[in-house]
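K.L.:
Provided below are the primary sequence and the corresponding predicted coordinates.
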Amino acid sequence: MRKAGLYLLLVSTLTSCFQSAIPLNSKKWGKYAVDVFYGDDRPTRPYLPLQELQMRQEIPLADRQSKNGMMLSRGNNVEQKQLLLSRLATQADRLGADALVEVKYTYFTSVTENGYVMTGVAVKYKDEF
C-alpha cells in the first residue's frame, strides 16, 4: 500500500515537469502571409497597430479523446495549430498588415468539448526614410 502511494507521487512529480503545450515559436512552422511574432517578441522595425484579431472555436471531443468518462487527450496538434495561425495571418494580410504581433494560443477543455482561442494584433510597418 505504501509503495503504491510512493509510485503515484513519483509519477505525478515526473509528469508535472513536462509542459504539455506545443510552443508556437517552433522554427519548423514555415512562412505565413505576414511576419509572425509570438508572445513578447516584436519586429525591429517601427509599426502601427491596425486591429486586434481573434479566432475562437469549440469542437466536440472525438471518440479517441475520451473513454469510459476519462479524457485521454486534449488540445490541438502542431498541424492544427499551423492551420489556425495561417488563417490568422491571412486575416491580417487582408487588412493590409505587414505582421502579426503578440500572437498567443490557449486551449480549454470540458467534459464534452475542446476549445481554442488564438489572438494577435495586425500591424503595418512604418515607412523608414
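P.N.:
Yep, that arrived. Because the structure is a prediction, the values reported are computed rather than measured.

K.L.:
Disregarding residues adjacent in the polypeptide, which is nearest to Q51?
P.N.:
Take Q51 and drop its neighbours on the chain: the residue closest to it by Cβ to Cβ, 6 or more residues apart in numbering is A122, 5.1 Å away. Yep, even glycine has a C-beta here, placed from its N, CA and C like the rest.

K.L.:
which stretches of this protein form strands?
P.N.:
Secondary structure of the chain (DSSP state E): strands at 35-38, 47-60, 66-67, 70-71, 99-109, 113-125.

K.L.:
Contacts for stretch 122-129 next, please.
P.N.:
34, 43, 45-53, 91-92, 95-101 (Cβ atoms under 8 Å, 6 or more residues apart in numbering).

K.L.:
Just the buried ones from the residues you listed?
P.N.:
34, 47, 50, 53, 91-92, 97-101 (16 or more other Cβ atoms under 10 Å).

K.L.:
Now for those residues: which two are most distant?
P.N.:
Using Cβ to Cβ, these reach their maximum pairwise distance at Y47 and Q91, which is 16.9 Å.

K.L.:
Can you spell out which residues form a bridge with the residue nearest to Q51?
P.N.:
Assessed by DSSP bridges, A122 has beta-bridge partners Q51, L100.

K.L.:
Poorly predicted segments of the protein, please.
P.N.:
Counting by pLDDT under 70, the ranges of the chain that qualify are 1-30, 66, 68-77, 128-129.

K.L.:
same thing but 90
P.N.:
Scanning the chain for pLDDT under 90 picks out 1-32, 56-84, 106-117, 127-129.

K.L.:
Sweet, I'm off.
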